[in-house]
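# here is a sequence together with a model predicted from it:
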Amino acid sequence: MQSPNTYFLNSDTIQFSELDYVFNEQLSVKKNLLHSSIYISEGELFSQSKVDKTHSTLNNLQNFRTINLLFEPVDSLGVDSIQLLDCKIELTPLTKQSYDIALEGTHSSGNLGMAGNLIYKHRNLFHGAESFELRFKGAIEFLTNSKNDFNRMIEYGVETRLNVPQFWLPIKLEALQKRYSPRTMLSFNYNYQSRPEITRTIAAAGFGYHWKSSRFLNHQINIVDLNYVSVTEMSERFSEIISGTYLEDSYRSHVISAFNYSFTFSNQKLNRQRNFFFVSFRPEVAGNLFSMVYGMSGNERPDGGYLFFDTPYSQYFMADIDFRYYRVINDANRLVFRLFAGAGYPFGNAEVMPFEKRYFSGGSNGIRAWQVRSLGPGSYILPADREDQYPNQLGDIKLESNFEYRFDLFWSFKGAVFLDAGNIWAIKPDLDQPGAEFSLDSFYNEIAVGTGFGLRLDLSFFVARLDLGIKLRDPSMISGAAWIPFSRSYGWDDFMLNFAIGYPF
């Protein structure tokens, strides 16, 4: 490592907007981007909040290993004998390029599998702190409780993301850059999925913006959120199962052209033990632009709906809200409460919500006493001839609440006791799924309840979690017998062991 004197002897200096930039070889990040990230101005009184904001904004560029803001007294005094200070900002660049290889084993309800990712990252693609990521991924899972034609799942794909720390707009406004710390996001993805019942490919493209309007408020708007789903193969058995049901439309080839916005509030302060809230609200609308174009053309809507490149497109509106409250009792004990509510409604060019936009419940991040996608909708009971297939129960409405008491055990091990409640429902009546429709008069009788306890290994940078869920109330049981402890003895199907990475919420 060079000494400060040697560094300055071998350095170049350029001036931009009254700031001096000293560097070796070449300036790693564009001057205008650095200037818009600095909130300290000559002639102003010292402000710790501006120092903190400068440090935070430079850190968000994700291009520097160390960031030091140094203030040194000047021999002379200013007006009214105010001590003058010189400010030096020292930035040590990170390695521009890197790659990661990640392998993991999975185990869910007796199903064994493995997954892997190869990730390439470039932190400064065009010298404007643009973050580029290229990811290759693959996974396989063997289903031990299925028949021969329903015995495995294979998935592989490629994802590309470009994250630019400024608004990509026809005009450049430095005032917007300084005030909102914006980011422009661009992505292209391709994914191949071969499930026991269906084989399909998914291509996606996205373009949008992210910005902060205050210290605790984040906004994200996706102007382009395009998904193309092509179903290339379906098993005869699965085709017979969904034929004539509301699920049939969900598994057809389709196009989704959506516009969505998300608002997030969180008053959490890192490294500080204090209570805090988290609120996220996300509305989304899809298909309206295509329908408007068709409507202006005067073409009548065909029986099968309008097509986009010979593929029907989805039209719907959906919105969901996620509320969380974290109560810190002391350094070793805390309470966490979460409430989630969401609904989607298809209209116009679509009879049902697309498969990937529908809600599901159960699993390590939901009602943990049920296997993922095996709960609901409503009080619907899966027919006996379908009990051996991989669960895939979906709904248009989701209500869920979770409560956890988290406590320290020893070393990096932590424990938890939890209570989960909720379900999913269909928004329209369906003769093939009796009891699935949401009704204000009866939905509260169809709430599933589970409890349990968990063990977590929390290493700060990595959290491994093991949760044992126990059913308390099963809405698929006959009326009056839904509460299991008061109606029958427990069986193995009433317990669910979930392994996951990270906290559930």
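Noted; the coordinates are in hand. Numbers count the residues shown, from 1 in each chain.
# could you list the buried residues of stretch 258-267?
Using 16 or more other CB atoms under 10 Å as the burial criterion, the residues of stretch 258-267 that qualify are 258-264, 266. Heads up, the C-betas are built off the backbone N, CA and C, glycines and all.
# quick one: stretch 436-444 to chain centroid distance?
29 Å (CA atoms, centre = their mean, to the nearest Å).
# equivalent analysis for stretch 193-201, please.
Per CA atoms, centre = their mean, the centroid offset for stretch 193-201 relative to its chain is 23 Å.
# just to revisit the earlier point, want to throw the buried residues of stretch 258-267 into CSV with pLDDT, secondary structure and distance to residue 26?
Listed next are these as CSV, based on pLDDT from 0 to 100; DSSP: H, G, I helix; E, B strand; the rest coil; distance: CB to CB, whole Å:
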residue, pLDDT, secondary structure, distance to residue 26
258, 93, strand, 41
259, 93, strand, 40
260, 95, strand, 40
261, 96, strand, 39
262, 95, strand, 38
263, 93, strand, 40
264, 95, strand, 37
266, 91, strand, 38
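# so which of the residues you listed comes closest to residue 199?
Residue 199 lies nearest to residue 258 out of these, by CB to CB, at 24.1 Å.
# just list the residues touching that closest one, thanks.
222, 225-227, 284-286 (CB atoms under 8 Å, 6 or more residues apart in numbering).
# and what of residue 261?
219-222, 282-284.
# in PyMOL, select just the buried ones from those.
The buried residues among the contacts of residue 261 can be selected in PyMOL (16+ other CB under 10 Å) with this line:
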select buried, resi 220+222+282+284
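# need the contacts of residue 261 in CSV with secondary structure, can you?
As requested, these are exported to CSV (DSSP: H, G, I helix; E, B strand; the rest coil):
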residue, secondary structure
219, strand
220, strand
221, strand
222, strand
282, strand
283, strand
284, strand
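# closest one of the contacts of residue 261 to residue 353?
residue 284 (11.0 Å).
# from residue 314, how far out is the closest residue to that closest one other than its chain neighbours?
Excluding the flanking residues, the one nearest residue 284 by CB to CB, 6 or more residues apart in numbering is residue 260, at 3.7 Å. Noted for residue 260: a distance of 13 Å to residue 314, by CB to CB, to the nearest Å.
# can you check residue 167 too?
29 Å.
# helices of the stretch 101-250 of the chain, start to end?
174-180, 236-242, 247-250 (DSSP state H, counting those that start in this stretch).
# single out the most deeply packed of those helices.
Greatest average neighbour count among the helices of the stretch 101-250 of the chain goes to helix 247-250 (a mean of 19), per mean count of other CB atoms under 10 Å.
# and that helix, what's its mean pLDDT?
Helix 247-250 shows an average pLDDT of 68 in the prediction.
# do the same with stretch 343-363
89.
# can I get that stretch in PDB? Just the C-alpha atoms.
Taking C-alpha atoms only, stretch 343-363 is exported to PDB below (Å, rounded to 0.1, in the frame of the first residue of the first chain):
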ATOM      1  CA  ALA A 343     -56.000  -9.600  -4.100                       C
ATOM      2  CA  GLY A 344     -56.100  -9.800  -7.900                       C
ATOM      3  CA  TYR A 345     -59.000  -9.500 -10.300                       C
ATOM      4  CA  PRO A 346     -58.900 -10.600 -14.000                       C
ATOM      5  CA  PHE A 347     -61.100  -8.700 -16.500                       C
ATOM      6  CA  GLY A 348     -61.300  -7.800 -20.200                       C
ATOM      7  CA  ASN A 349     -59.100 -10.100 -22.100                       C
ATOM      8  CA  ALA A 350     -58.700 -12.600 -19.300                       C
ATOM      9  CA  GLU A 351     -61.000 -14.900 -17.400                       C
ATOM     10  CA  VAL A 352     -58.400 -15.900 -14.700                       C
ATOM     11  CA  MET A 353     -55.300 -14.500 -13.200                       C
ATOM     12  CA  PRO A 354     -52.000 -15.800 -14.800                       C
ATOM     13  CA  PHE A 355     -50.400 -18.600 -12.900                       C
ATOM     14  CA  GLU A 356     -47.300 -16.700 -11.700                       C
ATOM     15  CA  LYS A 357     -49.400 -13.800 -10.300                       C
ATOM     16  CA  ARG A 358     -51.700 -15.900  -8.200                       C
ATOM     17  CA  TYR A 359     -51.100 -16.300  -4.400                       C
ATOM     18  CA  PHE A 360     -50.200 -19.500  -2.500                       C
ATOM     19  CA  SER A 361     -49.800 -20.300   1.100                       C
ATOM     20  CA  GLY A 362     -47.800 -22.700   3.300                       C
ATOM     21  CA  GLY A 363     -44.100 -23.300   3.300                       C
END
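# what's the closest of the contacts of residue 258 to residue 196?
residue 227 (22.6 Å).
# show me the contacts for the spatially closest residue to that closest one that is not a sequence neighbour.
The spatial neighbour of residue 227 that comes closest, neighbours along the chain excluded (CB to CB, 6+ apart), is residue 256 at 4.3 Å. Contacts for residue 256 were tallied using CB under 8 Å, 6+ apart; they are 225-227, 229, 286-287, 313-314, 354, 356-357.
# ok so, going back, who has more neighbours, residue 167 and residue 314?
residue 314 (28 against 16; other CB atoms under 10 Å).
# mind giving me the domain ranges of the chain?
4-93, 189-501 (automatic domain parsing).
# for the shortest one, what is the distance to the chain centroid?
Read it as domain 4-93. 35 Å.
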